[in-house]
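Participant: Generate a structure from the sequence data that follows.
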Amino acid sequence: MEKENRFKLFIPPRLNAGQWSVGRSQGFNSCSDDDFKLPFDVSNRVKITDLDIISQQVKLCSEVDEELKNDKLYLKLEDALYENEDLLKEVTASRHLCNMLKETCTQFTEKTRKYEQEKEETRQLYEELHGYVERMTVAFEELRLQAEEDRLEMSFKLKEEAEKVDKFEKECKLEVSQKEKQISDLTIQRDERDGIINDIQAQLQTLQNKIADLTEAKLHKEEMLKESQVNQEYLKAELEEAKILLQKAEATQKNLETEFQTTMKTLVEVTREKEAQEEECKKVKALLAAMTEEFEISIANLKSLLQKEQNRSKKYEDELELCTLELQNKSAELEKMTKVKCDKEVQLEELSETLKEMHDLKVQLTRTAEKEQDYLNQLLTLKTDLEQEALKNEQLTVCLNELSLEKEHIAQDKNDVAAELKKLQEKLEDSKKKEENTKQFVINLEEANGQLRNELESLKEKMAKTGEEIQSKLDEKEENVNNLKKQMENKTKCFEDLQQENKVLKKKITADSKKISIYEGKVNKLQLEMENMSKQHKEAVDIYQKDIETRKVNENKLNEQVEKMRLLYEEATVIQRETDIRCQHKITEMVALMEKHKENELSCLKSELSSLKEHLKAEIEEKEKLVKEHSQNMIPESAKKHKTYIIKTPPTDKLQSARSTNPPSEQSTRKKQKVLIQLDTQSDSSEHTDLLSIVSEEEMFKKLYKDYPQASQLHSTAPKKTPAPSSVKSPGSALKLKTMRRMREAGWTAVSKMDRKRKIKEAAKLFA
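Facilitator: As a prediction, the model looks like this:
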């Protein structure tokens, strides 16, 4: 599983001592022959005048070796390799610089020491950079391992979250099943309530039937009262006829008084009975008013119950709407989950079935609402019936008031009859007086009596007939009174039955009210349970929604982190590959260029070797002669002004021993000389010389280091050091080895500097 993405650099192979060459710096190419004015002609042979000057020149060579160790000269050396054809011209130009070198030797020694310090610092920097690169490679490997571990962790987390989602789906299924059970329980409760409402409707119908019976009884009573009124009118007419007959039958008044008294007694009894009936009617009226009030109270209670049931039904509808909304939300969430997993389609079908059931429940609720509206209409009809009954009761009260008025009229008639009786008594007394007067006339009228007896007999016969008629009429009246009594008894019985029925109805109403209160308590309990269940359901739904939202947010965050890590890993891998490819290409290009330059330099240097060897032989002979002549170490004045020297470069071992053993000379510090060091560019060993020009001026140094401002700053700020003495030996091989090493190190730095900077920036971004 682990992929090795190590940062590899292509390192060129090391060359042997005989396979390297020295190139010119880029700064010397910018100088032409016109820039240097030499006071003498160029010559191939120069006389050696002073050994101290030679030692100083050897020191300068060693310092130049140290100077060439700077890694930043590699870019200049690349350009110098392409310009090896101009070496002879630059050698001639370098002879012009000898006078300048005499003045700047001391400064140049200090600069070389400064370059040594810079060299050490650059080596330390190279080591640090190498360690940093290794750390970066290790860090990249660790990052890769961490990325793989994070991938594994993310895969495990995703599996765990998938398991959690499955568990949540199962829980949702269980909740849906529980809610379906709850809905079935609610439907059962609704059916029970419908049964209770049907029972209440049946009871209301029975009450309506009883009210209809009561109305029929009231109508029958009204008919009976009308008949009694008709009878009373008939009796009044008969009384008037009797008054007429009494006026006609003054003679027979005494006999009729007894009969009249009996009739009066009967009439008083009848009036008393009527008064008792009126009182009973008043009681019945009060009972009816109480019944109407009770009916109104019961109707109000039923209205309140219906309103409560309507409110409950509305609440149930709201709850069902909320449940439908929640189910719709859940269905939407489940539809979203179906896009991720196809297994949830079955759950959506189940939820659709539950929605259909909820729709059926809505239809049932609408039906119940219609039933409740029907109940309200029935209650309105009952109200209208009660209002009609109230109107009928008012009519009965009007009838009773009329009866009371009739009673008052009867009492007035009785008073009139009593007044008439008094008048009749007075008339009887007058008649008695008249009879006494008539007795006197009786005698006178006995004769007339005989005549009148006949008339009296006829009148008696007539009176007997009239008495019989009156008796028959009285018998009929008695029969009528008895019938009225029977009717009143029947009415009283009906009133008693109605009172009993009213009592039974009151008991039933109280029992119904108790039942209704019990049902109300049950309904309230059910409402509380439903509210609690709805609250619990809402809380559970909110909790699940919050969990789902948090999980979604976490999933999105994790997905974003995974995508970021993937992108970073891909970018790092791409950058590593690009940097590897670039480094390999650059290193291969550098190696190819080095090989090409070496071949060109070797071809040029071999042609020059022969001429330089001849020059060396002549110079060695001249040096020996000069050593013999100048045994006293005296320096002529002409040599102090302008001198040029040809020096044989010693090997590296002798140079290092000379650096450690020879003390610095005082004359080298005091004298300002211009030195020309001829180093053989084609020499592969210490026997041949290398031709190299050295300039100590700051302007030339700045020209060399135009592209490197740090080196120019170090040139101006480096501390001064005393030059180290060196023996007069050819340093060609050491210079070549050191230049090759420097070239390799510079190749490393120049090739990987920008890539390392990029990698450092990318690593900083990764760690940030």
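Participant: So what touches stretch 560-567?
Facilitator: In this structure, residues lying in contact with stretch 560-567 by CB atoms under 8 Å, 6 or more residues apart in numbering are 147, 150-151, 154. For glycine as for every other residue, the C-beta is placed from the backbone atoms N, C-alpha and C.
Participant: buried set for stretch 492-510?
Facilitator: If you call a residue buried by 16 or more other CB atoms under 10 Å, then stretch 492-510 has these buried ones: 494-495, 498, 502, 505, 509.
Participant: Out of these, which is nearest to Lys210?
Facilitator: Distance ranking of those against Lys210, using CB to CB, places Leu505 first at 6.2 Å.
Participant: which element is the residue lying closest to the closest one once chain neighbours are set aside on?
Facilitator: In this structure, Leu505 finds its nearest non-sequential neighbour in Lys210, 6.2 Å apart by CB to CB, 6 or more residues apart in numbering. Using DSSP states H and E, Lys210 sits in helix 105-248.
Participant: picking that back up, from the contacts of stretch 560-567, keep the buried residues only.
Facilitator: Neighbour-count burial (16+ other CB under 10 Å) is assigned, among the contacts of stretch 560-567, to 147, 150, 154.
Participant: I'd say the last one and Leu558 touch.
Facilitator: Okay, so that is Met154. Yes: taking contacts as CB atoms under 8 Å, Met154 lies within contact range of Leu558: 6.3 Å.
Participant: The longest helix seen in the chain vs helix 105-248, what angle?
Facilitator: Secondary structure of the chain per DSSP state H: the longest helix is helix 345-629. Calculated by axes from the mean of the first three to the mean of the last three CA atoms, to 10 degrees, helix 345-629 forms an angle of 160 degrees with helix 105-248.
Participant: count of neighbours near Ile543?
Facilitator: Neighbour count for Ile543, taken as other CB atoms under 10 Å: 10.
Participant: Please report how far it lies from Asn532.
Facilitator: 16 Å (CB to CB, to the nearest Å).
Participant: which residues do Met154 and Leu558 both contact?
Facilitator: Between them, Met154 and Leu558 share no contacting residue, judged by CB under 8 Å, 6+ apart.
Participant: Most widely separated two among the contacts of stretch 560-567?
Facilitator: Between any two of these (CB to CB), the greatest distance is 10.1 Å, for Ala147 and Met154.
Participant: that older thread, would you list the contacts of stretch 560-567 in CSV and tack on distance to Glu63 and pLDDT?
Facilitator: Formatted as CSV, the contacts of stretch 560-567 follow (distance: CB to CB, whole Å; pLDDT from 0 to 100):
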residue, distance to Glu63, pLDDT
Ala147, 52, 76
Asp150, 56, 78
Arg151, 58, 77
Met154, 62, 77
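Participant: of the residues you listed, closest to Met488?
Facilitator: Out of the contacts of stretch 560-567, the member with the shortest distance to Met488 (by CB to CB) is Met154, at 104.0 Å.
Participant: From Glu160, how far out is the nearest residue to the closest one once chain neighbours are set aside?
Facilitator: Nearest residue to Met154, sequence neighbours excluded (CB to CB, 6+ apart): Val562, at 5.4 Å. Distance of Val562 to Glu160, given as CB to CB: 15 Å.
Participant: In terms of neighbours, single out the busier of these two.
Facilitator: Val562 (17 against 10).
Participant: pLDDT score for that one?
Facilitator: On pLDDT, Val562 comes in at 77.
Participant: next one: Lys641
Facilitator: On the pLDDT scale, Lys641 gets 43.
Participant: returning to what we had before: counting contacts, what elements does the helix holding Lys210 pack onto?
Facilitator: helix 51-67, helix 253-340, helix 345-629, helix 666-670, helix 709-717, helix 732-767 (3 or more CB pairs under 8 Å, 6 or more residues apart in numbering; DSSP states H and E).
Participant: Pipe those into TSV and attach distance to Gln117 per row.
Facilitator: TSV is the format used below for those (distance: least, CB to CB, whole Å):
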stretch	distance to Gln117
helix 51-67	10
helix 253-340	68
helix 345-629	28
helix 666-670	20
helix 709-717	8
helix 732-767	16
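Participant: which stretch among those helices comes nearest Glu120?
Facilitator: For Glu120, the closest of the helices and strands packed on helix 105-248 is helix 51-67, at 10.5 Å, according to CB to CB.
Participant: Render the CA-only coordinates of the closest one in PDB, please.
Facilitator: Extracted C-alpha coordinates of helix 51-67, given in PDB (Å, rounded to 0.1, in the frame of the first residue of the first chain):
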ATOM      1  CA  LEU A  51      62.200  35.700  -4.400                       C
ATOM      2  CA  ASP A  52      60.000  37.600  -2.000                       C
ATOM      3  CA  ILE A  53      57.900  38.700  -4.800                       C
ATOM      4  CA  ILE A  54      57.600  35.100  -6.000                       C
ATOM      5  CA  SER A  55      56.500  34.000  -2.500                       C
ATOM      6  CA  GLN A  56      53.900  36.700  -2.500                       C
ATOM      7  CA  GLN A  57      52.700  35.600  -5.900                       C
ATOM      8  CA  VAL A  58      52.500  32.000  -4.500                       C
ATOM      9  CA  LYS A  59      50.400  33.400  -1.700                       C
ATOM     10  CA  LEU A  60      48.200  35.200  -4.100                       C
ATOM     11  CA  CYS A  61      47.700  31.900  -6.000                       C
ATOM     12  CA  SER A  62      46.600  30.100  -2.800                       C
ATOM     13  CA  GLU A  63      44.300  33.000  -2.100                       C
ATOM     14  CA  VAL A  64      42.900  32.800  -5.600                       C
ATOM     15  CA  ASP A  65      42.300  29.100  -4.900                       C
ATOM     16  CA  GLU A  66      40.300  29.900  -1.900                       C
ATOM     17  CA  GLU A  67      38.500  32.600  -3.800                       C
END
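Participant: Distance-wise, check Leu605 relative to Ser611.
Facilitator: For Leu605, the distance to Ser611 - CB to CB - is 11 Å.
Participant: And for Ile244?
Facilitator: Relative to Ser611, and taking CB to CB, Ile244 is found at 198 Å.
Participant: How many residues are close by Glu555?
Facilitator: Neighbour number of Glu555 under other CB under 10 Å is 14.
Participant: Just the pLDDT at the nearest residue to it once chain neighbours are set aside, thanks.
Facilitator: In space, and not counting its chain neighbours, Glu555 is closest to Glu161: 6.7 Å by CB to CB, 6+ apart. Predicted confidence (pLDDT) for Glu161: 78.
Participant: May I have the predicted confidence score for Leu101?
Facilitator: 64.
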